[in-house]
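Undergrad: how does the following fold in three dimensions:
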Amino acid sequence: MRRVSSRPLFGIAAAVCAALLGYAYYLEHVVGLEPCPLCLVQRGFFYALTAVFALAALHGPARGGTLAYATLAGIFALGGAGVAGRQVWLQHLPPDKVPACGPDLYFMMEHFPLAHTLRTLFTGTGECAVVDWTFLRLSIAEWSLAWFAALLAFAVAIAWRGNSGSGS
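TA: Residues are numbered from 1 along each chain as shown. Modelled structure (predicted):
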């Protein structure tokens, strides 16, 4: 049986991640939405996924490499889903339970210790609970969560395909 390369699959996933990042920058710079700390962390996970998928597409790995790239992508997708899930949770809190808004990331990086900045980045602030944009009734955080879940499923499918002997 002829082996089919996993390169196109990795390339498609990289292109999807790049498109999602492009749309995030469109929302920021054209629409005028300012990303909150959790949005920036999610963006970082999308960058990591883009890099892993693009490297895998360029490398065109054999079975073991396919499994390694897909596993790394899965880890980044899980991390992004965790952060997006946290933001979705914040967005669904009752108004009296939402944490106070904090300073933006650039101010925190200049004035706060790194540990405090990282803790705030990963736990979010009141601004992370604000829903400024929706599409089909889903917020940006809910769409991010859905995309991270889809990318995780895609990475698992690539790994499964590569490990089943039909991929290279």
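
Undergrad: residues contacting residue 70?
TA: Counting by Cβ atoms under 8 Å, 6 or more residues apart in numbering, residue 70 touches 56, 155, 156, 158, 159, 162. Placement of C-beta: from N, CA and C, glycine included.

Undergrad: go with 10 Å
TA: Contacts for residue 70 (Cβ atoms under 10 Å, 6 or more residues apart in numbering) come out as 6, 9-10, 13, 52-53, 56, 61, 152, 154-163.

Undergrad: swap in residue 48?
TA: Contact analysis of residue 48 by Cβ under 10 Å, 6+ apart lists 17, 72, 73, 75, 76, 77, 79, 80.

Undergrad: go on, residue 106?
TA: With contacts defined as Cβ under 10 Å, 6+ apart, residue 106 has no neighbours.

Undergrad: which stretch of helix or strand covers it?
TA: Per DSSP states H and E, residue 106 falls inside helix 105-111.

Undergrad: thinking again about what came up before, using CSV, please lay out the contacts of residue 48 together with neighbour count, distance to residue 135 and pLDDT.
TA: Converted to CSV, these look like this (neighbours: other Cβ atoms under 10 Å; distance: Cβ to Cβ, whole Å; pLDDT from 0 to 100):
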residue, neighbour count, distance to residue 135, pLDDT
17, 25, 18, 98
72, 18, 30, 97
73, 29, 25, 98
75, 16, 28, 97
76, 25, 24, 98
77, 27, 21, 98
79, 18, 24, 96
80, 25, 19, 97
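
Undergrad: closest to residue 139 out of those?
TA: Of all the contacts of residue 48, residue 139 sits closest to residue 80, with 15.3 Å by Cβ to Cβ.

Undergrad: helices or strands next to the one helix or strand in the chain whose mean pLDDT sits lowest in the packing?
TA: Least confident helix or strand of the chain, by mean pLDDT, DSSP states H and E, is helix 114-123 with a mean of 74. Where contact means 3 or more Cβ pairs under 10 Å, 6 or more residues apart in numbering; DSSP states H and E, helix 114-123 is packed against helix 37-59, helix 63-91, helix 105-111.

Undergrad: out of those, which is closest to residue 31?
TA: Of all the helices and strands packed on helix 114-123, it is helix 37-59 that lies closest to residue 31, at 13.3 Å by Cβ to Cβ.

Undergrad: just the C-alphas of the closest one, formatted as PDB.
TA: Presented in PDB, the C-alpha positions along helix 37-59 are these (Å, rounded to 0.1, in the frame of the first residue of the first chain):
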ATOM      1  CA  PRO A  37      -4.800  39.400  28.900                       C
ATOM      2  CA  LEU A  38      -6.400  36.000  28.300                       C
ATOM      3  CA  CYS A  39      -6.900  36.900  24.700                       C
ATOM      4  CA  LEU A  40      -3.200  37.600  24.400                       C
ATOM      5  CA  VAL A  41      -2.400  34.200  26.000                       C
ATOM      6  CA  GLN A  42      -4.700  32.400  23.600                       C
ATOM      7  CA  ARG A  43      -3.000  34.300  20.700                       C
ATOM      8  CA  GLY A  44       0.300  32.900  22.000                       C
ATOM      9  CA  PHE A  45      -1.100  29.400  21.900                       C
ATOM     10  CA  PHE A  46      -2.300  29.900  18.300                       C
ATOM     11  CA  TYR A  47       1.200  31.100  17.400                       C
ATOM     12  CA  ALA A  48       2.700  28.000  18.900                       C
ATOM     13  CA  LEU A  49       0.200  25.800  17.000                       C
ATOM     14  CA  THR A  50       1.000  27.600  13.800                       C
ATOM     15  CA  ALA A  51       4.700  27.100  14.300                       C
ATOM     16  CA  VAL A  52       4.400  23.300  15.100                       C
ATOM     17  CA  PHE A  53       2.000  22.600  12.200                       C
ATOM     18  CA  ALA A  54       4.100  24.700   9.800                       C
ATOM     19  CA  LEU A  55       7.300  23.000  10.900                       C
ATOM     20  CA  ALA A  56       5.700  19.600  10.500                       C
ATOM     21  CA  ALA A  57       4.400  20.500   7.000                       C
ATOM     22  CA  LEU A  58       7.900  21.600   6.000                       C
ATOM     23  CA  HIS A  59       9.600  18.600   7.600                       C
END
